[in-house]
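>>> build me a model:
(2 chains)
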There are 2 protein chains.
Amino acid sequence: MATRDRTIEALIERLNRLPGIGPKTAERLAFHLLRVDAEEALLLARAIEQVRAAVKTCSRCFNLDASDPCSICSDATRDRSMLLVIEDPREVARFEDTGYRGLYHVLQGRLSQLEGIRPEDLTTNSLLTRVAQERPAEVCLATNPDLEGEGTARLLAERLAASTAAQGIRVTRLARGLPAGSSIAQVSTSILADAIEGRRPLAP
Amino acid sequence: MATRDRTIEALIERLNRLPGIGPKTAERLAFHLLRVDAEEALLLARAIEQVRAAVKTCSRCFNLDASDPCSICSDATRDRSMLLVIEDPREVARFEDTGYRGLYHVLQGRLSQLEGIRPEDLTTNSLLTRVAQERPAEVCLATNPDLEGEGTARLLAERLAASTAAQGIRVTRLARGLPAGSSIAQVSTSILADAIEGRRPLAP
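Residues are numbered from 1 along each chain as shown, chains lettered A, B, ... in the order given. The predicted model follows:
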């Protein structure tokens, strides 16, 4: 029985291993890569090879970058008094866009009972060591505003409070409230409850 | 200002060019490819390179395969009296799964006023030449059962009828009706209308 070429099957299988890419999407992408100019398809292959050849994990903050320490950690103009603790290296670009000029610490995930992710699976110990050594004025626990992000922040706050070397360091959390541009009529009850809870005095 | 490594940006941009992959998904996939074992990521790059090195378009039926003519066209056991005209090479595997043993002709698309796809953009002329030369007993126009697929089938039927070399060849269309396993209470009115229109005598 004539079947589909094995290199096509192999590519579909590889694409199907990517997160969120099911068998149908993998097939669609594979045939797209067969239909476009060979150069176009090979540029994707080369981009994957180049990213893996060039990008390392920063041994200090666990950000992904071409150099170790990363370009942020080794930038003398960054504000070393502020350490922003984030879940994922992707989030660095989001915070950079805001004009944030402090340092980062990438946890490489968040605690999750469901997925069996424990504090030891994150860069928790590196964070504690680093905070004790570098003694920033403030550590902002910028994990996501959801159940697991909150749980992760709470555990990190406990660990920091228990560390004698981290005494006197201010531990904060990102503000929760109304998203800019939202409509009070449309936001969820929990967003509104956060906004009331976190209300701030208005300077006249 | 420290920014994201340019090889990461390059990979995100490449992934974003794939159909149905928006900037957020491209970012997620890029960081996935950075997080997994290097070997895992490089196997995808290699699968793309191998598929482009190995796979050709069959000069006879326009199917994608490692050989030209493709393994189906060059298989002497296939039924040469039947030619199934399809839109996309992906569909070959679907028909093969049904046990179909005739030949194929891949149009490489369908007519679309919206996308400006004209008969000349498809393999229409190759189909007419091929039908005149090979003279199968039947040409089944297996384009999709939607507006553009119907329009494409209608045009091909006209062209085949106008070709003196294609006289006497039976031109058919795939049956339309209730999908196997469906429920009459659930299917759309147009499916039901097709099913009534195409009703068949029941042998006692």
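>>> per-domain residue ranges of chain A.
Following automatic domain parsing, one finds the domains of chain A at A:6-54, A:78-201.
>>> among those domains, which comes closest to B:Arg46?
Proximity to B:Arg46, assessed across these by Cβ to Cβ, is greatest for domain A:6-54 (7.4 Å). Bear in mind the C-beta positions are built from the backbone N, C-alpha and C, glycine included.
>>> on the three-state scheme, A:Ala195 is what?
helix (DSSP: H, G, I helix; E, B strand; the rest coil).
>>> need the winner for burial among the domains of chain A.
By mean neighbour count, with neighbours taken as mean count of other Cβ atoms under 10 Å in any protein chain shown, domain A:6-54 ranks first of the domains of chain A at a mean of 18.
>>> need phi/psi at the spatially most central residue of chain A.
Nearest to the centroid of the C-alpha atoms of chain A, with distances taken as Cα atoms, centre = their mean, sits A:Asp88, at 1.5 Å. The phi and psi values for A:Asp88, taken as degrees, to the nearest 10, are phi -130, psi 140.
>>> I'd say it and A:Val106 touch.
Yes - contact criterion Cβ atoms under 8 Å: A:Asp88 and A:Val106 qualify, at 6.9 Å.
>>> in CSV: the domains of chain A, plus mean pLDDT and distance to B:Arg170.
As requested, the domains of chain A are arranged in CSV below (pLDDT from 0 to 100; distance: least, Cβ to Cβ, whole Å):
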stretch, mean pLDDT, distance to B:Arg170
domain A:6-54, 95, 30
domain A:78-201, 92, 58
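>>> go through those and name the closest to chain B.
domain A:6-54 (4.1 Å; Cβ to the nearest Cβ).
>>> that closest one and chain B in contact?
Yes - judged by Cβ under 8 Å from any Cβ of the partner chain, domain A:6-54 comes into contact with chain B at A:6-8, A:10-11, A:13-15, A:17-21, A:25, A:27-34, A:38, A:40-54.
>>> chain center to that domain: distance?
In terms of Cα atoms, centre = their mean, to the nearest Å, the centre of domain A:6-54 is found 25 Å from the chain centre.
>>> thinking again about what came up before, which of the residues of domain A:6-54 next to chain B fall within helices?
Counted as lying in helices by DSSP state H, out of the residues of domain A:6-54 next to chain B, are A:6-8, A:10-11, A:13-15, A:25, A:27-34, A:38, A:40-54.
>>> and of the domains of chain A, who's closest to B:Glu134?
domain A:6-54 (25.6 Å).
>>> endpoint to endpoint, the closest one covers what distance?
This stretch, domain A:6-54, spans 31 Å end to end (Cα to Cα, to the nearest Å).
>>> hey, where'd the strands end up in chain A?
Assigned strands in chain A, in chain order: A:56-57, A:64-65, A:79-86, A:102-106, A:138-141, A:170-173 (criterion: DSSP state E).
>>> strand partners of the last one, parallel vs antiparallel please.
Here strand A:170-173 is paired, per DSSP bridges, with strand A:138-141 (parallel).
>>> do the same with the second one
Each strand pairing with strand A:64-65, determined using DSSP bridges, is listed with its direction: strand A:56-57 (antiparallel).
>>> show me what contacts A:Gly151?
Residues near A:Gly151 by Cβ atoms under 8 Å, 6 or more residues apart in numbering or on different chains: A:110-111.
>>> which residues are in contact with stretch A:168-188?
Residues contacting stretch A:168-188 (Cβ under 8 Å, 6+ apart): A:131, A:135-142, A:145, A:153, A:157, A:160-161, A:191-192, A:194-195, A:197-198.
>>> one more: stretch A:52-61?
A:63-70, A:72-73, A:103-106, A:130, B:5, B:7-8, B:33-34, B:38, B:41-42.
>>> make it 6 Å
A:64-66, A:68-70, A:73, A:104-105, B:5, B:7, B:34, B:38, B:41 (Cβ atoms under 6 Å, 6 or more residues apart in numbering or on different chains).
>>> then stretch A:95-113?
Residues contacting stretch A:95-113 (Cβ under 6 Å, 6+ apart): A:61-63, A:78-79, A:82-87, A:89, A:92, A:117, A:122-123, A:127, A:143, A:148-149, A:151-152.
>>> stretch A:17-36 too?
A:11-12, A:15-16, A:41, B:18-19, B:29, B:32, B:48, B:55, B:64, B:90.
>>> how about the residues you listed, which pair is most distant?
Spatially, the most separated pair among the contacts of stretch A:17-36 is B:His32 and B:Leu64, at 27.2 Å (Cβ to Cβ).
>>> turn the strands of chain A into TSV, columns for distance to B:Val171.
Below are those laid out as TSV (distance: least, Cβ to Cβ, whole Å):
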stretch	distance to B:Val171
strand A:56-57	62
strand A:64-65	58
strand A:79-86	62
strand A:102-106	63
strand A:138-141	69
strand A:170-173	70
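>>> now A:Met6, nearest residue through space, not along the chain?
Residue A:6: Arg, not Met. Of all residues not flanking A:Arg6 in the chain, B:Ala66 sits nearest, at 7.9 Å (Cβ to Cβ, 6 or more residues apart in numbering or on different chains).
>>> ok, the one you found touching A:Asp5?
Yes - using Cβ atoms under 6 Å, B:Ala66 is in contact with A:Asp5, at 4.8 Å.
>>> higher neighbour count, these two?
A:Asp5 (21 against 15; other Cβ atoms under 10 Å in any protein chain shown).
>>> you'd agree the more buried one is up against B:Asn63?
No - applying Cβ under 6 Å, one finds A:Asp5 not in contact with B:Asn63, separated by 9.5 Å.
>>> what residues do these two have in common as contacts?
By Cβ under 6 Å, 6+ apart, no residue touches both A:Asp5 and B:Asn63.
>>> for A:Leu43, list the residues it contacts.
B:Arg14.
>>> separation between it and B:Asp5?
From A:Leu43 across to B:Asp5, the span is 17 Å (Cβ to Cβ, to the nearest Å).
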